[in-house]
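1. What shape does this take:
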Amino acid sequence: MTSLGPGAPSVPGTAPEELDALLARFPVLAPPVSTAGAAVVIVLREGRDEVETLLIERSVRSEDPASGQVAFPGGHVSDADGSLAATALRELEEEVGLTRSDFIGDLRYVDTVLAVRFGLKVAVFATALAEEGTPPTARSEEEVAHVFWLPRSALSTTRSIERETMRGPSEVRATVFEGHVLWGFTRRVLCQFFGVSTDDAYIGPVFVPHSPAEPDG
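-> The predicted model follows:
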């Protein structure tokens, strides 16, 4: 359970503060690969004062439409993947060196969300890094330039920045943390995971967590 000490930042959003309660809202499911083209994982850990989320900054590559962007660990479905959960776990190991044994329990299925800019359905999972879990590191320089942990309270502060969008260069809402710019799909999903209201374009309803009274199935 996260314990906020004196002077700790306020925790934004309507979602629970405790890590286990955050995950308990979602079922343990492994949807078939036919239902989405990619899978990503919201990896959480107990920070010093609050829950933190693992994010990556993608390497700059001309052939990558997400070049240089902040994102969740994850990637496209492979023909050999038996489920979207398998896709997520494979990509976690390839990108940041994490395996199933590094997590507390199984992946929780959050939802399948449309990444509007890429016209791609993305399965979103969530899990918690075990205290004795392997520290994540950038495993592939071609794909991942940096890994970092974003504290939940960082979502409280937003600013307008210019980014290339489907409509050309536009002002978008973003969270900037230690030089990393979080915007678009990743910020939208993370804000809704923590119940933080946003005025991002294309926000819409992304997912509705299970209430404690609802069965996981």
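2. Tell me the buried residues in the longest helix belonging to the chain?
-> Counting by DSSP state H, the longest helix found in the chain is helix 84-96. Across helix 84-96, burial judged by 16 or more other Cβ atoms under 10 Å covers 84-92, 94-96. From N, CA and C alone the C-beta is placed, and that goes for glycine too.
3. And the contacts of it?
-> 29-33, 35-36, 38-41, 43, 54, 56, 73-78, 81, 98-100, 106-107, 109, 123, 125, 136-140, 143-144, 147 (Cβ atoms under 8 Å, 6 or more residues apart in numbering).
4. helix or strand for Leu44, which one?
-> Leu44 is located in strand 38-46, with elements delineated by DSSP states H and E.
5. so what strands line up beside that strand?
-> strand 51-58 (antiparallel), strand 74-76 (antiparallel), strand 120-128 (parallel) (DSSP bridges).
6. Make CSV from those and add mean pLDDT and distance to Thr158 to it.
-> Shown next, in CSV, are the strands paired with strand 38-46 (pLDDT from 0 to 100; distance: least, Cβ to Cβ, whole Å):
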stretch, mean pLDDT, distance to Thr158
strand 51-58, 95, 16
strand 74-76, 93, 24
strand 120-128, 96, 21
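7. Can you lay out these as a markdown table showing mean neighbour count?
-> Converted to a markdown table, those look like this (neighbours: other Cβ atoms under 10 Å):
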| stretch | mean neighbour count |
| --- | --- |
| strand 51-58 | 22 |
| strand 74-76 | 20 |
| strand 120-128 | 22 |
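8. Quick one: closest of those to Asp20.
-> When those are compared by Cβ to Cβ, strand 120-128 sits nearest Asp20, at 7.6 Å.
9. Show me what the helix or strand following the closest one is in contact with.
-> Next along the chain after strand 120-128, taking DSSP H and E as the criterion, comes strand 144-151. Residues external to strand 144-151 that are found in contact with it (Cβ under 8 Å, 6+ apart): 9, 45, 47, 49-60, 68, 95-96, 136-138, 175, 177-178, 180, 182, 190.
10. Can you tell me the SS state at Arg187?
-> The three-state label given to Arg187 by DSSP: H, G, I helix; E, B strand; the rest coil is helix.
11. Correct me if wrong: it contacts Val172.
-> No - using Cβ atoms under 8 Å, Arg187 is not in contact with Val172, being 9.0 Å away.
12. what about these two, which has more around it?
-> Arg187 (22 against 19; other Cβ atoms under 10 Å).
13. any idea how far the more buried one lies from Leu23?
-> In this view, Arg187 and Leu23 are 20 Å apart by Cβ to Cβ, to the nearest Å.
14. ditto for Ala123
-> 16 Å.
15. got it, and Leu54?
-> Distance from Leu54 to Leu23, by Cβ to Cβ: 14 Å.
16. And Thr127, by the same measure?
-> Note on Thr127: its distance to Leu23, by Cβ to Cβ, is 7 Å.
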